[in-house]
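Visitor: Would you be able to build a 3D model of this:
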Amino acid sequence: MTLDEIIGFTTALPQVGVLRAGPENGAPEAAWGDVFFFHDPDGDAYERRRMPFATIVVKDHPGFDTASELDRPGVFRVNIAVGRRLFEELVGHPPAAHPEHAAEVDPAAADRIIGHPVYAAQGWVAVVCPGEATSARVRELLTAARERDAARHGGRARRD
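Guide: Numbering: from 1, shown residues only. You can find the predicted model right below:
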């Protein structure tokens, strides 16, 4: 999957807002180019500072998040909030145990579902450059994460 395919798929889900961080929307410079997906029934998720249910990170964040080596040409990572139960199903251990297992995987390897290098303890998974092995599952996980986020926010309908 390309970055644009992931953005297109995710924004086609019901009530999803997307923010591609840049100077035009006041995002911090460190986040420019990264993409954030929100359950957004009212069109104001970013203004309300709601947490995204998924992100795409396009570069390393020195001093914070460099394990996936995203500064390589054409490399990006999709990150998805899947919750504790699904996290354990996907990676084989609960989020709280991730520090004990982190060395077992290469966070820079492409097309593999792993615990997020920074946010695994919060139930986030990550995939560097989803490809043949993970694309279908990534779509399922993005859909489930959007549904989970909608349920958490009361599943409110859009006010038009």
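Visitor: Surely Val127 is in a helix?
Guide: No - counting by DSSP: H, G, I helix; E, B strand; the rest coil, Val127 is not part of a helix but strand.
Visitor: Return the set of residues that bridge with it.
Guide: Here Val127 sits in beta bridges with Val78, Ile113, going by DSSP bridges.
Visitor: Around it, how many other residues sit close by?
Guide: 27 (other Cβ atoms under 10 Å). Bear in mind the C-beta positions are built from the backbone N, C-alpha and C, glycine included.
Visitor: again with Val138
Guide: 24.
Visitor: Let me see the contact set for the residue lying closest to it once chain neighbours are set aside.
Guide: Spatial nearest neighbour of Val138, chain neighbours left out: Pro130 (4.6 Å); criterion: Cβ to Cβ, 6 or more residues apart in numbering. By Cβ atoms under 8 Å, 6 or more residues apart in numbering, Pro130 lies in contact with Met1, Ile6, Val78, Asp111, Val138.
Visitor: Share the number of residues neighbouring Pro23, please.
Guide: 9.
Visitor: Check what pLDDT it gets.
Guide: Predicted confidence (pLDDT) at Pro23: the value is 95.
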